[in-house]
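Asker: any chance you could fold what I've pasted below:
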Amino acid sequence: MSVVAKVFRGELVDLTHIGHVAVVDSMGKLLYHYGNPDRVTFARSSAKPMQAIPVVESGAVDAYGLTDRELALLCASHSGESFHVDAVRSVLQKAGLTDKYLQCGTHDPFADYAAQELRSKGLKPETVHCNCSGKHSGMLITAKYLNEDLETYYKPEHPVQQRIMKTIAEVCEYDEHKIITAVDGCGVPVHAMPLYKFAQGFARLSTPEVLGEKRGKAVRRLTNAMTAYPNMVGGTDRFCTDLMKVCGDRLFAKSGAAAYYAIGLKDKGIGMSFKVEDAGKGIVYAMVLEVLSQLNIITAEEFKKLDKYYVLQDKNHKGELVGYTKTEFDLIKD
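Answerer: Numbering: from 1, shown residues only. This next block holds a predicted model:
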């Protein structure tokens, strides 16, 4: 078993978490791994930077005058804070659309204070509060710009989703017909492939010149927007945001549901993908920091700024410390 972390209660190991890591270059060469780098799993929202590529390539971004801040939102799993909500509405309004076109569903904002604010006003969350509404707004403006049906943009057979499927296959250099699809939480197709192939995709995003001139420029705009506006990619007290703030322009990162994570090291041609089998979100963040530390990608000072995501403590109902979680694995060099 590829144990990545152990949960101690007192001095006894109470739980173990199983996970996998793949560190790959842009040619698909496995550089380091732990667990099973061939593990086929859904990338979930980690695919959002790739899903945003056709929005830029279509011409919709320039035609509707989206800002770099709004570009970052297209790649986001945002927290539903007011600045996220306003940006979603701005993207749609620039294309002559409103949030009534969004098909992403609703949930409470990820930011507790934003959810409490809605409840205090007697309001219910709207589609714009959904963490995927930025991605959906990008899909919608692409359909609008290309004069495609706006009601069914989320369905697998729609040209919007067909372009996304083709783009993911090309970026990851993986046979489109081998990509396994299902339905994501927001209703659009979700894509599964081996961890190492998705890591290769992020490696290629990190050196976009390998993708050709047009696609390379589109990717560079998106990844630059993510690192310039990390608050738009996640939000207050979110790991993606804090990691990119601490590391600056050195890496871009995107979380996915069910403890998936992906990172591209900018201009290094190196990508990483992570998966924790029991969907331990907090565990995958600690796992990411452990790998970045083992590979000397972040300094001790930078690591310390993120240690709230690494030092995981269990407290009882009285707030007393009763246990802790410790990452426990070493990467294997290939």
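Asker: dump the residue contacts of the residue lying closest to Asp314 once chain neighbours are set aside.
Answerer: In this structure, Asp314 finds its nearest non-sequential neighbour in Gly323, 3.7 Å apart by C-beta to C-beta, 6 or more residues apart in numbering. Where you see a C-beta, it was placed from the backbone N, CA and C, and this is true even at glycine. Neighbour list for Gly323: Val7, Phe8, Arg9, Gly10, Asp14, Gln313, Asp314 [criterion: C-beta atoms under 8 Å, 6 or more residues apart in numbering].
Asker: do Val85 as well
Answerer: Per C-beta under 8 Å, 6+ apart, neighbours of Val85: Val128, His129.
Asker: roughly how far apart are it and Pro125?
Answerer: In this view, Val85 and Pro125 are 10 Å apart by C-beta to C-beta, to the nearest Å.
Asker: and what of Asp38?
Answerer: Asp38 is 39 Å from Pro125, by C-beta to C-beta.
Asker: repeat that for His78.
Answerer: 13 Å.
Asker: over to Lys308?
Answerer: For Lys308 relative to Pro125 (C-beta to C-beta), the value is 27 Å.
Asker: give me the nearest residue to Ser46, chain neighbours excluded.
Answerer: In space, Ser46 is closest to Gly256, 3.6 Å off (C-beta to C-beta, 6+ apart).
Asker: phi first, then psi, for that neighbour.
Answerer: phi -130, psi 150 (degrees, to the nearest 10).
Asker: just Glu11 next, same as before
Answerer: The phi/psi pair for Glu11 (degrees, to the nearest 10) is phi -100, psi 0.
Asker: run a quick neighbour tally on it.
Answerer: Neighbours of Glu11 under the rule other C-beta atoms under 10 Å: 6.
Asker: same check on the one 3 residues further on?
Answerer: With neighbours defined by other C-beta under 10 Å, the count for Asp14 comes to 12.
Asker: specify the local secondary structure of it.
Answerer: strand (DSSP: H, G, I helix; E, B strand; the rest coil).
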